[in-house]
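[1] Okay, here's the prediction I keep looking at, along with the sequence it came from:
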Protein chains: 2
Amino acid sequence: MGGQQWNPYVRDCPTRQLLDRIGDRWTVLVIGALGDGPRRFSEIAHRVDGVSQKMLTQTLRALERDGLVTRTAYPEVPPRVEYELTELGTTLREPLKALEDWATAHMGGVLDSRRRADQPADAGSSR
Amino acid sequence: MGGQQWNPYVRDCPTRQLLDRIGDRWTVLVIGALGDGPRRFSEIAHRVDGVSQKMLTQTLRALERDGLVTRTAYPEVPPRVEYELTELGTTLREPLKALEDWATAHMGGVLDSRRRADQPADAGSSR
DNA sequence: CTGAATCCGTATCGATACTG
DNA sequence: CAGTATCGATACGGATTCAG
């Protein structure tokens, strides 16, 4: 199996499905936060700055559903729940890392370009 | 100047900025469609299945603003406009390709897991 | 601590009609 | 052909409240 050559233009190719899946605000960040081992709910919440409790829960549920993360609840009081990347989830970290590296290297240039484009007038006057 | 170590958890790290930028439905696909050379507006529209005129325009404008794509209008009748990845835009293709490859290899498994998780009842009966 | 449920503003996007 | 403008649905996500 496999070997089917998808071009990423067609509606339900894997690329689109992946984009639909990780193209929200938090999924990629949560996967990143789980990159170095299992983490508790509150640890993830603390690491992923700005995520609300609702969105974190929702994101983790979706990741679990898709087999990218496992959820382990310990029957204690107070409750402790740990999330961990599955093997599959771990394999996703590499391409994500490539993206992070690109961002670190090049986003500055992107923002510069954006700022330049946002100069309303010609702005050549100052040089 | 380089060397600053961002962790992808903090609010305005490059990773988040990139995600905010490419985390929409079309940007990644449009970059993909421009991967093998300059393309006309209508060519891109045809390649990126399902994109509306509005969203394609909007996406291309944003890419241009960010220095990832150049726009060249030829003063002809009828008009011809070509879009092409800049050098910077081209560098983004590599990590994006890594993501596409992951999708091709693993999205099937993800969808399987999702389908399994969506079985309402225990469904263990069939084994 | 973990998480479900609700309310609600807003950003996103698709469809459609119109223009040079 | 390559856009622009407008409208409306709805999905996304933040704040808050309640519960085991």
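    Here it is on my side, so go on.
[2] so who does the closest residue to DNA strand D within chain A touch?
    Closest residue of chain A to DNA strand D, Cβ to the nearest atom of the strand: residue A:25 (3.2 Å). Just so you know, the C-beta spots here come from the backbone N, C-alpha and C atoms, and that holds for glycine as well. Taking Cβ atoms under 8 Å, 6 or more residues apart in numbering or on different chains as the criterion, residue A:25 is in contact with A:55, B:19-20, B:23.
[3] can you rerun that using 7 Å?
    With contact set as Cβ atoms under 7 Å, 6 or more residues apart in numbering or on different chains, residue A:25 has no partners.
[4] how close does the residue most central in space within chain A get to DNA strand C?
    Residue closest to the mean C-alpha point of chain A, counted by Cα atoms, centre = their mean, is residue A:28 at 0.6 Å. Going from residue A:28 to DNA strand C by Cβ to the nearest atom of the strand, to the nearest Å gives 15 Å.
[5] Following the chain onward from the worst-scoring helix or strand of chain A on mean pLDDT, which element is next?
    Of all helical and strand segments in chain A, the minimum by mean pLDDT, DSSP states H and E falls on helix A:14-22, at a mean of 93. Following helix A:14-22 in sequence order, the next helix or strand is helix A:27-33 (DSSP states H and E).
[6] The helix or strand immediately after that following helix in the chain: how far from the chain's middle?
    Note on helix A:27-33: by DSSP H and E, the next helix or strand toward the C-terminus is strand A:39-40. From the chain centre to the centre of strand A:39-40 is a distance of 17 Å (Cα atoms, centre = their mean, to the nearest Å).
[7] Show me what strand A:39-40 is packed up against.
    strand A:80-85 (3 or more Cβ pairs under 7 Å, 6 or more residues apart in numbering or on different chains; DSSP states H and E).
[8] So which bits of chain A are right by DNA strand D?
    Within chain A, the positions near DNA strand D by Cβ under 7 Å from any atom of the strand are A:24-26, A:50-55, A:78-79.
[9] and of the residues you listed, the nearest to residue A:11?
    residue A:24 (19.3 Å; Cβ to Cβ).
[10] gap between the closest one and chain B?
    7 Å (Cβ to the nearest Cβ, to the nearest Å).
[11] do residue A:16 as well
    Noted for residue A:16: a distance of 7 Å to chain B, by Cβ to the nearest Cβ.
[12] Just the pLDDT at the residue nearest to residue A:47 when sequence neighbours are not counted, thanks.
    Of all residues not flanking residue A:47 in the chain, residue A:33 sits nearest, at 4.3 Å (Cβ to Cβ, 6 or more residues apart in numbering or on different chains). pLDDT for residue A:33: 96.
[13] show me the contacts for residue A:33.
    Contact partners of residue A:33, counting by Cβ under 7 Å, 6+ apart, are A:39, A:44, A:47-48, B:9.
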